[in-house]
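**Student:** what follows is a predicted structure for the sequence shown.
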Amino acid sequence: MNPTSTPSNIVIATRESRLAMWQAEHVQALLQARGHTVQLLGMTTKGDQILDRSLSKVGGKGLFVKELETALEEGRAHIAVHSLKDVPMELPPGFALACVMEREDPRDAFVSPAHASLAALPQGAVVGTSSLRRQVLLQALRPDLRIEPLRGNLDTRLRKLDEGQYDAIVLAAAGLKRLGLESRIRATFEPADMLPAAGQGALGIEVRSDRQDLVDALAPLADQTTWLTVAAERAVSRAMGGSCSMPLAAHGTFTSGALQLDAAWGDTEGRLPLVRAQASAPVTTLAQAEALGLAIAQRLREGGARGAEPAAPQA
């Protein structure tokens with residue numbers, strides 16, 4: 001296909017988990033409604049294959065996107081649909097985030113067969129999550145709980161809960177809602193208590209950076225408010241050198257043209273107190289959103305947060 005022509009056939013690279021397929025099929029339907037022929041290319045990533053270790057120990061969230069990017073680079077696929085919270089803060093050279101779609105519920109969900117809320121859990125109850133962010137925020141709310149690792153796709157995590165391996169687990173509300181599993185949510189954490197991850201609940205679409213035709217085709221699917229919000233959130237993480245190996249949260253909300261951005265950093269060893277930062281500013285451009293994120297990251301560091309040094313851009 002000529003890179004300057006209007007695309008007529010688009011192949012979407014996607015992971016093969018049920019949630020990832022739902023996301024890809026959602027984008028497929030929206031593009032088909034605009035006259036494009038769209039096919040799916042299902043793939044298994046290293047992140048899906050390595051389930052016995054936490055992501056922070058085996059290479060991070062990039063394990064979920066590398067194979068998809070290879071398919072784009074080789075021309076086997078044209079776009080890749082991602083949960084934006086799984087997308088590394090720096091994309092490899094030659095790739096671009098072409099579209100951020102309207103956000104689903106960005107909050108975390110408390111899921112338990114026997115307990116109605118986090119507060120209702122007995123002392124010493126076992127809560128499953130492999131997110132360092134959730135770990136430090138849960139420890140701040142309930143230091144008496146046992147936080148145990150939980151890997152696998154959404155269905156696998158729910159199965160492990162139902163088998164009795166955990167008293168409760170914490171999942172993204174967006175995934176449960178997208179798969180029609182909202183009834184599994186016993187309680188939803190408000191951001192003041194459990195600040196979401198940067199980009200949580202939003203879908204991002206990645207393309208090769210030389211494919212302006214695809215960028216144009218995806219433009220009607222973009223939601224500018226969501227894009228500006230997650231750009232600010234991701235800027236916090238980028239400035240802190242963030243990845244899944246850093247217990248960092250960032251969440252923004254728009255009110256009357258101003259973006260309020262909240263962030264939190266925690267110490268997984270429990271030796272340092274939780275650090276929080278907040279700021280608000282008028283935001284209408286990506287540059288303004290990223291500037292707000294940088295300001296928040298600086299406040300976190302001033303409050304005692306220990307960020308990694310951001311990786312130097314690749315040549």
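**Tutor:** Structure's in. What do you need?
**Student:** next, residue 296: secondary structure please.
**Tutor:** What DSSP: H, G, I helix; E, B strand; the rest coil gives for residue 296 is helix.
**Student:** what about it, neighbour count?
**Tutor:** Other residues near residue 296 come to 25 when the count uses other C-beta atoms under 10 Å. Every C-beta, even on glycine, is put in place using the N, C-alpha and C of the backbone.
**Student:** secondary structure element holding the nearest residue to residue 237 once chain neighbours are set aside?
**Tutor:** Nearest in space to residue 237, with sequence neighbours left out and distances taken as C-beta to C-beta, 6 or more residues apart in numbering, is residue 198 at 4.8 Å. Assigned by DSSP states H and E, residue 198 belongs to neither a helix nor a strand.
**Student:** how about the helices in the stretch 201-315 of the chain?
**Tutor:** Ranges of helices within the stretch 201-315 of the chain are 212-218, 224-239, 286-302, based on DSSP state H, counting those that start in this stretch.
**Student:** tell me the most buried of those?
**Tutor:** helix 224-239 (a mean of 24; mean count of other C-beta atoms under 10 Å).
**Student:** about what we covered before: nearest to residue 126, of the helices of the stretch 201-315 of the chain?
**Tutor:** Closest of the helices of the stretch 201-315 of the chain to residue 126 is helix 224-239, at 28.5 Å (criterion: C-beta to C-beta).
**Student:** what's that closest one packed up against?
**Tutor:** Counting by 3 or more C-beta pairs under 8 Å, 6 or more residues apart in numbering; DSSP states H and E, the packing neighbours recorded for helix 224-239 are strand 95-100, strand 248-255, strand 258-265, helix 286-302.
**Student:** sorry, back to before: would a markdown table of the helices of the stretch 201-315 of the chain with mean pLDDT and distance to residue 26 be doable?
**Tutor:** Shown next, in a markdown table, are those (pLDDT from 0 to 100; distance: least, C-beta to C-beta, whole Å):
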| stretch | mean pLDDT | distance to residue 26 |
| --- | --- | --- |
| helix 212-218 | 94 | 13 |
| helix 224-239 | 96 | 15 |
| helix 286-302 | 96 | 24 |
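**Student:** so which of these comes closest to residue 148?
**Tutor:** helix 224-239 (25.0 Å).
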